[in-house]
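Chemist: the amino acid sequence is not available; the structure is as follows:
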């Protein structure tokens, strides 16, 4: 992949039992820096990540988007700008070793955004709840119908050219982060694609899909974001 600079941003909220596994499986020969955004954790997430050599940022305001925005803010500092940014969850549900599959199309110069699709890949039984599967299908169907988009997933495992990420001017602070990026990619005419990625049962209980409130709030925010950009 030449000499491109790849950095990984990992939002993390109380993932002390999983974040170390995620960091450990990231291809070190490709990634120059792993950035863990400690999103108001009350456990040893920060300590665990630091012990494994990650750069740890603290974002006290909870919210997936808040954590991602904190990571982007850090990357905007002089001397820290990468060529490619990879977003990856801290719960070890994704396979970090598949990261080169997402980065390669960007490094080759053919695409600006690559989504890791769990729908196209191998998904372990129980790794996604029924509401998650349905919500994902509904959201991607709406994206196709309303915007002509060809997505099968809103998966959090994704890579994007840094200059393209900056141009998107991301704003969402909570559950609408992933769909906002995909919608703005369409509106900004980014070259996007999906690659199949595998997905396993996460370590620990999900703070979103693991609760009724989290599931409802995430679903509402995703749908609201989709119609907001019409």
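Modeler: Alright, I've got the coordinates. Given the structure is predicted, the values throughout are model-derived calculations rather than measurements. Numbers count the residues shown, from 1 in each chain.

Chemist: and the residue positioned nearest the centre of the chain, helix, strand or coil?
Modeler: The centroid of the chain falls nearest to residue 156 when counting by CA atoms, centre = their mean (3.2 Å). Judged by DSSP: H, G, I helix; E, B strand; the rest coil, the three-state class of residue 156 is coil.

Chemist: correct me, but it touches residue 88?
Modeler: Yes - between residue 156 and residue 88 a contact is recorded at 7.2 Å, counting by CB atoms under 8 Å. Glycine gets a C-beta too; all of them are placed from N, C-alpha and C.

Chemist: ok, for residue 151, nearest residue in space, not its chain neighbours?
Modeler: residue 140 (4.9 Å; CB to CB, 6 or more residues apart in numbering).

Chemist: what of residue 176?
Modeler: Counting by CB to CB, 6+ apart, residue 176 lies nearest to residue 225, which is 3.7 Å off, once chain neighbours are set aside.

Chemist: which element is the nearest residue to the residue nearest to the centre of the chain once chain neighbours are set aside on?
Modeler: Excluding its sequence neighbours, the residue lying closest to residue 156 (CB to CB, 6+ apart) is residue 89, at 4.9 Å. Per DSSP states H and E: residue 89 is located in neither a helix nor a strand.

Chemist: what separation is there between residue 89 and residue 187?
Modeler: Using CB to CB, to the nearest Å, residue 89 is found at 25 Å from residue 187.

Chemist: picking up where we left off before, neighbours of the residue nearest to residue 151, how many?
Modeler: 21 (other CB atoms under 10 Å).

Chemist: one more: residue 228?
Modeler: By other CB under 10 Å, 12 other residues sit near residue 228.

Chemist: ok, residue 146 next?
Modeler: 14.

Chemist: now residue 97
Modeler: Around residue 97 there are 12 other residues, counting by other CB under 10 Å.

Chemist: that older thread, so the residue nearest to residue 176 touches residue 174, yeah?
Modeler: No - here residue 225 does not reach residue 174: they are 9.8 Å apart, not a contact under CB under 8 Å.

Chemist: all strands for this structure, in order.
Modeler: Assigned by DSSP state E, the strands in the chain fall at 6-12, 31-38, 55-58, 84-87, 113-117, 158-161, 192-196.

Chemist: can I get the ones you listed in CSV with mean neighbour count and mean pLDDT?
Modeler: Formatted as CSV, those follow (neighbours: other CB atoms under 10 Å; pLDDT from 0 to 100):
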stretch, mean neighbour count, mean pLDDT
strand 6-12, 26, 98
strand 31-38, 22, 98
strand 55-58, 17, 98
strand 84-87, 26, 98
strand 113-117, 25, 98
strand 158-161, 25, 98
strand 192-196, 18, 98
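
Chemist: could those be laid out in TSV, adding distance to residue 181?
Modeler: Formatted as TSV, these follow (distance: least, CB to CB, whole Å):
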stretch	distance to residue 181
strand 6-12	12
strand 31-38	16
strand 55-58	19
strand 84-87	9
strand 113-117	7
strand 158-161	7
strand 192-196	10
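
Chemist: looking at the ones you listed, which is nearest to residue 215?
Modeler: Among the strands of the chain, strand 6-12 comes nearest to residue 215, with 18.4 Å by CB to CB.
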